[in-house]
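Q: Any chance you could fold what I've pasted below:
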Amino acid sequence: MADRSTAHGAARIGAPSHDERLVVTLAGVTGDTSSRTVNESLLAHLQSVLGRLPEVAEASLFPRSKQETLLVALETAAYPDAIETVRLEIRAYTNGEFHISYLERYLGERRQCRWDRHEQDHNSRDHFHPLPDASTAAAEDRSFPLDLTAVLRSVVFPWVEERFSELWDGENGR
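A: Residues are numbered from 1 along each chain as shown. Got it, this is the predicted structure:
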């Protein structure tokens, strides 16, 4: 992977190299939650690719506490001292639905946001629940790429990089 350093010295989370590209075809996605099955092969592939990135401390697939989830703990050495932990929780289903949560522990306080694709009454199928608590009341309609890997590459990873910068820029991320 090419050097993708930020101004603060941490490597950026970037797209996999050409031979590691993630291609997932979601033809026939219906949004039918009655047949929602965990997409184990996609999550295992993501674990393999993300687990090799230097920004990732650990990628755990289906841990006992989150049995439908890929947990991705990010390295926090490059973050401000006030940041204790940063992780992504990724859930993907064979019907195209997903939930990607960003969680950070900042000065002892847990903060989170979430990118979702699922049918529900509060927002459009694609939506975002912002910091600090990923509340449903604050959720915003969005339009994400169809492919989950494209969502990670073009939406989630750039957001994480921006968040990293916010945390360094005068600690305004609170």
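
Q: Kindly confirm my reading that residue 154 is in a helix.
A: Yes - counting by DSSP: H, G, I helix; E, B strand; the rest coil, residue 154 falls inside a helix.

Q: Contacts only, for it.
A: Shown in contact with residue 154 (CB atoms under 8 Å, 6 or more residues apart in numbering): residue 145. For the C-beta atoms, the positions are set from N, CA and C on the backbone; glycine is no exception.

Q: Which pLDDT does the model give it?
A: pLDDT recorded at residue 154 is 98.

Q: same question, residue 36
A: pLDDT at residue 36 comes out at 83.

Q: swap in residue 114?
A: 98.

Q: how about stretch 151-158: buried residues?
A: 151-153, 155-157 (16 or more other CB atoms under 10 Å).

Q: Out of those residues, which is nearest to residue 81?
A: Among the buried residues of stretch 151-158, residue 157 lies closest to residue 81 (CB to CB), at 23.5 Å.

Q: The closest one falls within a helix, correct?
A: Yes - the assignment for residue 157 by three-state DSSP puts it in a helix.

Q: what's the spacing between it and residue 72?
A: Using CB to CB, to the nearest Å, residue 157 is found at 11 Å from residue 72.

Q: where are the low-confidence patches of this protein?
A: Applying pLDDT under 70 to the chain flags residues 1-35, 170-174.

Q: JSON lines for the buried residues of stretch 151-158, including distance to residue 38?
A: Shown next, in JSON lines, are the buried residues of stretch 151-158 (distance: CB to CB, whole Å):
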{"residue": "151", "distance to residue 38": "17"}
{"residue": "152", "distance to residue 38": "17"}
{"residue": "153", "distance to residue 38": "21"}
{"residue": "155", "distance to residue 38": "21"}
{"residue": "156", "distance to residue 38": "19"}
{"residue": "157", "distance to residue 38": "22"}
